[in-house]
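1. Sharing a model that was predicted from the sequence below.
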Amino acid sequence: MSAEPSFPTLRMRRLRYNAGVRNLTRHTRLHPGSLILPLFVRSGNNIRQEISSMPGQYQLSLDQLVEEARQARDLGLGGIILFGIPDDKDHHGSDALHAGGIVQQAVAAVKDAVSELLVLTDLCMCEYTDHGHCGILHEQGGITDVSNDPTLTLLGQQAVTHAEQGADIIAPSGMMDGMVSAIRQALDDADFKHIPIMSYAAKYASSYYGPFRDAAESAPSFGDRRTYQMDPTAQAAQALREVELDVQEGADMLMVKPALAYLDIITRVAQNYPGIPLAAYNVSGEYSMVKAAAANGWLDEARVVDETMTAIHRAGADIILTYWAKDVAQRIGS
Ligand code: PBG
Ligand code: ZN
């Protein structure tokens, strides 16, 4: 850095002295094609039930979901990611595993109506199990916990049922060890070798998921997810070990989640895996906090959201999953 002149030869304010210069030197630019909109789907007709903890987000019946998908396409979004709310939950999450399941129907409906829109499916058991955990349970030494390896079998089956209905990308979010290779194997065996896996590779046990669990009706009925989701207080480099495993298992794209409290993790993963598309999930709690403050007139929602998206992108995420995807795209487009 020795070649740099110093003040008064150097005046950094010259790089921002008017809007044209600021525009010319802008480095982080948002694009609708990098944004993915999460959507919640349930059974019924003509239902748009607002989620009380997430103003502006809805549980949608299939017909309404298709309307949202059309808007997502018209705005040029990168895609949508679907979460299902089944009518019935049971111990093994059966609704997750067959063609008549709510998400499977949703994928088929969207692909039928808006075939060019990219459809991702979140792959996990917690929306479908009556206990709300991300896999099937076992008891060991008096402690009930998610049983890793039997859950892998179910995730493989679930992935194939999504792909059969036309899902473009499978995004496993359960943080089971070995989930990427199990899903890859199941997809390959069913001749879905071309379907990419976007792994929630570094997903933390976060309090920021609270509003989502209302939205998806997926809160665990006992305990928490700390035996499978990552510990926020662990070494940051542990995230790199998680990522490395997923890469070795064949993950095509990676995700860090949540986004804002884990920008350091996003940056580390981006720097260590520059050749792998990296997504970040701007989660429900990050959304609801800003919504609540904006509703009180305490901050300017649009400006805060654009600044937030910029930060996540600048930290190193190529792709952002956000409930604000439509709003941001509208602003970029206008
Ligand atoms: C399912 C899943 C969750 C989220 C995405 N997939 C909830 C959880 O892990 O409890 C959270 C998304 C959000 O908060 O917006 N495993
Ligand atoms: Zn889950």
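-> Done, it's in. Ligands and ions are numbered 1, 2, ... in the order given.

2. Give the buried residues for the helix or strand hosting residue 23.
-> Using DSSP states H and E, residue 23 falls within helix 19-24. Residues of helix 19-24 classed as buried by neighbour count (16 or more other Cβ atoms under 10 Å): none. All C-beta spots, glycine's among them, are computed from the backbone N, C-alpha and C.

3. is any part of stretch 184-199 close to ligand 1?
-> No: using Cβ under 6 Å from any ligand atom, stretch 184-199 stays clear of ligand 1, coming no nearer than 12.1 Å.

4. First-to-last residue distance for that stretch?
-> Stretch 184-199 stretches 11 Å from its first residue to its last (Cα to Cα, to the nearest Å).

5. and what of stretch 22-41?
-> First-to-last distance for stretch 22-41 - Cα to Cα - comes to 42 Å.

6. Centre of the chain to that stretch, how far?
-> 15 Å (Cα atoms, centre = their mean, to the nearest Å).

7. what mean pLDDT does that stretch have?
-> Stretch 22-41 carries an average pLDDT of 97.

8. need the next SSE after the helix holding residue 23, C-terminal direction.
-> Following helix 19-24 in sequence, per DSSP H and E, is strand 35-42.

9. What strands flank that next one, and is each parallel or antiparallel?
-> For strand 35-42, sheet partners with direction are given as strand 54-60 (parallel), strand 79-85 (parallel), strand 319-322 (parallel), following DSSP bridges.

10. For that strand, give me every contacting residue.
-> Defining contact as Cβ atoms under 8 Å, 6 or more residues apart in numbering, one finds that strand 35-42 is touched by 49, 51, 57-62, 65, 68-69, 72, 77-85, 87, 102-103, 106, 120, 122, 215-216, 279, 319-323, 325-326, 328-329.

11. which of those are buried?
-> For those, buried by 16+ other Cβ under 10 Å: 51, 57-62, 65, 68-69, 72, 77-85, 102-103, 106, 120, 122, 215-216, 279, 319-323, 325-326, 328-329.

12. which of these are close to ligand 1?
-> When Cβ under 6 Å from any ligand atom is applied, the members of the buried ones among the contacts of strand 35-42 adjacent to ligand 1 are residue 122.

13. Of all the strands paired with strand 35-42, which one is nearest residue 222?
-> Proximity to residue 222, assessed across these by Cβ to Cβ, is greatest for strand 79-85 (20.3 Å).

14. next one: the next helix-or-strand element following the closest one to chain centre, how far?
-> From strand 79-85 onward toward the C-terminus, using DSSP H and E, the following helix or strand is helix 102-113. Helix 102-113 sits 19 Å away from the centroid of its parent chain (Cα atoms, centre = their mean).

15. Which residues does the helix or strand following helix 102-113 contact?
-> Tracing the chain past helix 102-113, the next element assigned as helix or strand by DSSP H and E is strand 119-123. The contact list for strand 119-123 (Cβ under 8 Å, 6+ apart) reads 36, 38, 69, 79-83, 103, 107, 110-111, 155, 158-159, 162, 166-174, 183, 198.

16. Just the helices from this protein, written as ranges.
-> Secondary structure of the chain by DSSP state H: the helices cover 19-24, 62-74, 102-113, 148-165, 179-189, 210-215, 236-248, 263-272, 284-295, 301-315, 325-333.

17. Need these in CSV (columns: distance to residue 203).
-> Shown next, in CSV, are those (distance: least, Cβ to Cβ, whole Å):
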stretch, distance to residue 203
helix 19-24, 36
helix 62-74, 24
helix 102-113, 19
helix 148-165, 14
helix 179-189, 11
helix 210-215, 12
helix 236-248, 8
helix 263-272, 10
helix 284-295, 14
helix 301-315, 15
helix 325-333, 20
